[in-house]
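Visitor: below is the sequence, then the predicted model.
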Amino acid sequence: MRKGEIIIRDVGVCFRLYREKVTTLKEAVVHRFRHLRSAENFWALRHVNVSITPGEAIALVGHNGSGKSTLLKTIAGVLQPREGEVLSAGRISPMIELGAGFDPELSGRDNVYLNGALLGFSRKQMEAKFDGIVAFSELGDFIDMPIKNYSSGMYARLGFAIAQDVEPDILIVDEVLAVGDERFQEKCKARILDFRSAGVTFCFVSHNLEAARSLCPRAAVLHHGRLAFDGPIEQAWEKYRELERGPMPGPQINVAAS
Amino acid sequence: MKAMELASPAPAALATESPKRPSPLRELWSFRQLIALLVVRELKVRYKRSVLGLLWTMLNPLLLMVVYTVVFSTIWRSSFRNFSLFLLSALLPWLFFNTAVLQGLFAVISNQELIRKVRLPQAVFPLSVVGSNLVNFALSLVPLFLVMAALDQPFTPALLFLPVAMFILTVFTSGVTLFFATATVFFRDVRHLVEVMLQMVMYLSPVFYDLRTLGEPTTWWFPLFKTCLQLNPLTYMFSLIRDPVYYGRLPELSTVVIACSAAVFSLVVGFFFFQRLSPRHIHYL
Ligand SMILES: Nc1ncnc2c1ncn2[C@@H]1O[C@H](COP(=O)(O)OP(=O)(O)OP(=O)(O)O)[C@@H](O)[C@H]1O
Ligand SMILES: [Mg+2]
């Protein structure tokens, strides 16, 4: 496999829904572990096949609860698929949400190092990147303020600034560019286009056609956890709108007994 | 146009190219800096806003020591020399073990936000709890040495063994902490179980007494009790520290060997369980 390649092969991700919520050993013993048998499987994703070549940008679209975030989490390795497999090569910047892992009590500076460590970078490596990150985020003196005093846009700025500077081979972002102001959004888009020309793979969830079209020529449509379409974004969007007019537009729970 | 059918690759070509997943240990090792950062963060949180925080860490075992010494020397009229030091030398490792295990129970659960969003070896959380408690343990050596000096206890070269002893105990504690941290994710009341167990283990471990100082009472249950003590790994762990501190000599080789084996066994079992179950944590958080 080449760096930046992602292969999603027949992936199924299953959440168990328990009729009775059992969180203690006592309950489990009293009910003789019945909850394990009566659990129902809810497939948030099933039989999904996508392969993404290095440097490609793909948008994921679909109704709320269609499994987009679940798919991104599976690619990032946060979730393990029950069926099939996800193969990827290279460093994934696993920011399902920008700023995941920020500690609100710590200053922006400390959070940069914490986030770096979360991504597996040493303090030395992060020291070398630090000025670049602050410059990109344009946070200036706010960098030494506790993160809890940041606005949500500032939060996203710092998150993106870190994610863009960790030399990822695969960049994954879940509806995050929406909070930055217009200029910062443009800056992020420009950076993502840079990445694309540098051969970084980009997976992106968006409910906004304009944002998606400007970044990704390709889109995959998820519908109730199934891949409904994979191809050029214009057609994908049509398919998506068509499905939304269909019989099962919104989130639904269709469970299969295990 | 890239149609959906074309998008799925030929499986045969892939099988040979699949990248290897990094081994769990190697992955954990690559996150060692994160563990260090988490330790620092935990210590910062603990000592933040309380100037006495650091002092408290050192005072806490001393206060316990005073209470236990008063109580036990009254009950037992224990005749042996420097009972307070005898007690403190096992109380410190006990407090380390006890606190690490108890705090570790919620190490995974309290970091669920991160676990849901970032891919990382989840073992970093319980291990960082052990780490921050190890720092506290090391700090509490200061009052230990002060007590030794105050009681005219000789400082022998055997004390140089302490770092090794602490390392062995840390390995042992890590395994136990990992095991119960993953169990708590699935069953939240494991905490109550562990709390009760730790209470019992404290009295079944040579904290307030010692195999040697027990003598040979003739009660029918004494042999049972003695077997219990001999099977308890903490017996050997505590000897590793009490021998140099209180008896001023190196622990016996057999003690060291048993303690090391117990530590390795604990870590292997704890890490194995944790690693096997951690992909499922996210469904229970
Ligand atoms: N931890 C979980 N336990 C049970 N069900 C879950 C869990 N996480 C997600 N799901 C379910 O999986 C389905 C897909 O969720 P997902 O977050 O992937 O949707 P999405 O496409 O990102 O939606 P949105 O557009 O709202 O972000 C939903 O029905 C959700 O309820
Ligand atoms: Mg989502």
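Guide: Nice, thanks for sending it over. Ligands and ions are numbered 1, 2, ... in the order given.
Visitor: C-alpha only now, for contacts and for neighbours.
Guide: Fine.
Visitor: now do the longest helix along chain B: distance to the chain's middle.
Guide: Of all the segments of type helix in chain B, defined by DSSP state H, the longest one is helix B:253-281. Helix B:253-281 has its C-alpha centroid displaced from the chain centroid by 11 Å (CA atoms, centre = their mean, to the nearest Å).
Visitor: same thing with stretch B:24-33?
Guide: Between the centre of stretch B:24-33 and the centre of its host chain there is 20 Å, according to CA atoms, centre = their mean.
Visitor: got the buried residues for stretch A:118-136?
Guide: Within stretch A:118-136, the residues that count as buried by 16 or more other CA atoms under 10 Å in any protein chain shown are A:Leu118, A:Leu119, A:Gly120, A:Phe121, A:Ser122, A:Arg123, A:Met126, A:Lys129, A:Phe130, A:Ile133, A:Val134, A:Phe136.
Visitor: next to chain B, which bits of the stretch 101-250 of chain A? Give me the list.
Guide: Within reach of chain B by CA under 8 Å from any CA of the partner chain, the stretch 101-250 of chain A has these residues: A:Gly101, A:Leu114, A:Ala117, A:Leu118, A:Gly120, A:Phe121, A:Ser122, A:Arg123, A:Phe229, A:Asp230, A:Gly231, A:Pro232.
Visitor: for the fourth one, give me its contacts.
Guide: Right, the one you point to is A:Leu118. A:Gly101, B:Phe31, B:Leu34, B:Val118, B:Leu120 (CA atoms under 8 Å, 6 or more residues apart in numbering or on different chains).
Visitor: what score does residue 15 have for pLDDT?
Guide: Since you didn't name a chain, this refers to chain A. Here, the pLDDT recorded for A:Phe15 equals 88.
Visitor: my question was about chain B, not that one.
Guide: Looking at B:Ala15, its pLDDT reads 38.
Visitor: chain A - how does it break down into domains?
Guide: Chain A resolves into domains spanning A:6-91+A:168-257, A:99-167 when parsed by automatic domain parsing.
Visitor: out of those, which gets nearest to B:Ser140?
Guide: domain A:99-167 (27.1 Å; CA to CA).
Visitor: chain center to that closest one, what's the gap?
Guide: Taking the mean of its C-alpha atoms, domain A:99-167 sits 19 Å from the chain's own mean (CA atoms, centre = their mean).
Visitor: with stretch A:45-65 instead?
Guide: What separates the centre of stretch A:45-65 from the centre of its chain is 11 Å, taken as CA atoms, centre = their mean.
Visitor: ok, which stretches of the chain are helices?
Guide: Reading this off chain A. Ranges of helices within chain A are A:25-30, A:34-38, A:68-76, A:108-118, A:123-137, A:152-163, A:182-197, A:209-215, A:233-245, based on DSSP H.
Visitor: chain B is the one I meant
Guide: Using DSSP H, the helices found in chain B span residues B:4-7, B:11-15, B:24-30, B:32-47, B:53-76, B:83-104, B:112-117, B:124-139, B:141-150, B:162-186, B:190-203, B:222-231, B:233-242, B:253-281.
Visitor: among those, which is the most enclosed?
Guide: helix B:233-242 (a mean of 26; mean count of other CA atoms under 10 Å in any protein chain shown).
Visitor: and that one, what does it pack onto?
Guide: helix B:83-104, helix B:162-186, helix B:253-281 (3 or more CA pairs under 8 Å, 6 or more residues apart in numbering or on different chains; DSSP states H and E).
Visitor: looking at the ones you listed, which is closest to B:Thr219?
Guide: Where those are weighed against each other on CA to CA, the nearest is helix B:83-104, at 24.7 Å.
Visitor: the residue in the stretch 151-285 of chain B that ligand 1 sits nearest to: what's it in contact with?
Guide: With distances taken as CA to the nearest ligand atom, the stretch 151-285 of chain B approaches ligand 1 most closely at B:His283, which sits 5.4 Å away. Each residue near B:His283 by CA under 8 Å, 6+ apart is listed here: A:Phe15, A:Arg16.
Visitor: what's the per-residue pLDDT of it here?
Guide: Here the pLDDT value assigned to B:His283 is 87.
Visitor: just B:Met4 next, same as before
Guide: In this model, B:Met4 carries a pLDDT of 40.
Visitor: could you do B:Arg242 as well?
Guide: Looking at B:Arg242, its pLDDT is 95.
Visitor: check B:Gly131 too.
Guide: For B:Gly131, the model assigns a pLDDT of 97.
Visitor: and the gap between the most centrally placed residue in chain B and B:Leu267?
Guide: For chain B, the residue nearest the mean C-alpha position is B:Thr173 (2.7 Å; CA atoms, centre = their mean). Taking CA to CA, to the nearest Å as the criterion, B:Thr173 is separated from B:Leu267 by 8 Å.
Visitor: low-confidence stretches in the chain?
Guide: Just so you know, I chose chain A. Under the criterion pLDDT under 70, the flagged ranges of chain A are A:19-20, A:94-95, A:176-178, A:249-258.
Visitor: try again with chain B
Guide: Where chain B drops into low confidence, which here means pLDDT under 70, it does so at B:1-21, B:49-51, B:77-79.
Visitor: coming back round to it: check the residues of the stretch 101-250 of chain A next to chain B one by one and keep those near ligand 1.
Guide: Within the set of those, contact with ligand 1 (CA under 6 Å from any ligand atom) is found for no member.
Visitor: now the two most distant members of these.
Guide: In these, the most distant members under the criterion CA to CA are A:Arg123 and A:Phe229, with 43.1 Å between them.
Visitor: ok, so of the contacts of A:Leu118, who is nearest ligand 1?
Guide: Compare each of those with ligand 1 using CA to the nearest ligand atom and the shortest gap goes to B:Val118, at 14.2 Å.
Visitor: that closest one is in contact with A:Gly99, isn't it?
Guide: No: no contact is recorded between B:Val118 and A:Gly99 when judged using CA atoms under 8 Å, the distance being 10.1 Å.
Visitor: more neighbours: which of these two?
Guide: Under the criterion of other CA atoms under 10 Å in any protein chain shown, the comparison of B:Val118 against A:Gly99 puts B:Val118 first, with 25 against 22.
Visitor: quick one: contacts for B:Pro206?
Guide: For B:Pro206, the contacting residues are B:Ala90, B:Leu229, B:Leu234, B:Thr235, B:Phe238, by CA under 8 Å, 6+ apart.
Visitor: phi first, then psi, for it.
Guide: Backbone geometry at B:Pro206, expressed as degrees, to the nearest 10, gives phi -80, psi 70.
Visitor: measure it to B:Leu214 for me?
Guide: Distance from B:Pro206 to B:Leu214, by CA to CA: 10 Å.
Visitor: kindly report the same for B:Val45.
Guide: For B:Val45, the distance to B:Leu214 - CA to CA - is 42 Å.
Visitor: equivalent analysis for B:Thr235, please.
Guide: Here the distance between B:Thr235 and B:Leu214 works out to 13 Å (CA to CA).
Visitor: what do you get for A:Ser206?
Guide: For A:Ser206, the distance to B:Leu214 equals 71 Å [CA to CA].
Visitor: these two: which has the busier surroundings?
Guide: When neighbours are counted by other CA under 10 Å, A:Ser206 and B:Leu214 differ, and A:Ser206 comes out ahead with 21 against 11.
Visitor: please report phi then psi for that one.
Guide: Torsion angles at A:Ser206 (phi, psi; degrees, to the nearest 10) stand at phi -150, psi 150.
Visitor: quick one: residues contacting it.
Guide: Residues A:Ala59, A:Leu60, A:Val61, A:Asp174, A:Glu175, A:Ala212 are the ones in contact with A:Ser206 under the rule CA under 8 Å, 6+ apart.
Visitor: same list, the residues you listed, but as CSV with neighbour count please.
Guide: What follows is these, written out as CSV (neighbours: other CA atoms under 10 Å in any protein chain shown):
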residue, neighbour count
A:Ala59, 28
A:Leu60, 26
A:Val61, 26
A:Asp174, 19
A:Glu175, 16
A:Ala212, 22
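Visitor: these in strands, which ones?
Guide: With strands taken from DSSP state E, the overlap with the contacts of A:Ser206 comprises A:Ala59, A:Leu60, A:Val61, A:Asp174.
Visitor: so the third one makes contact with A:Lys68?
Guide: Yes: in terms of CA under 8 Å, A:Val61 counts as a neighbour of A:Lys68; the distance is 7.0 Å.
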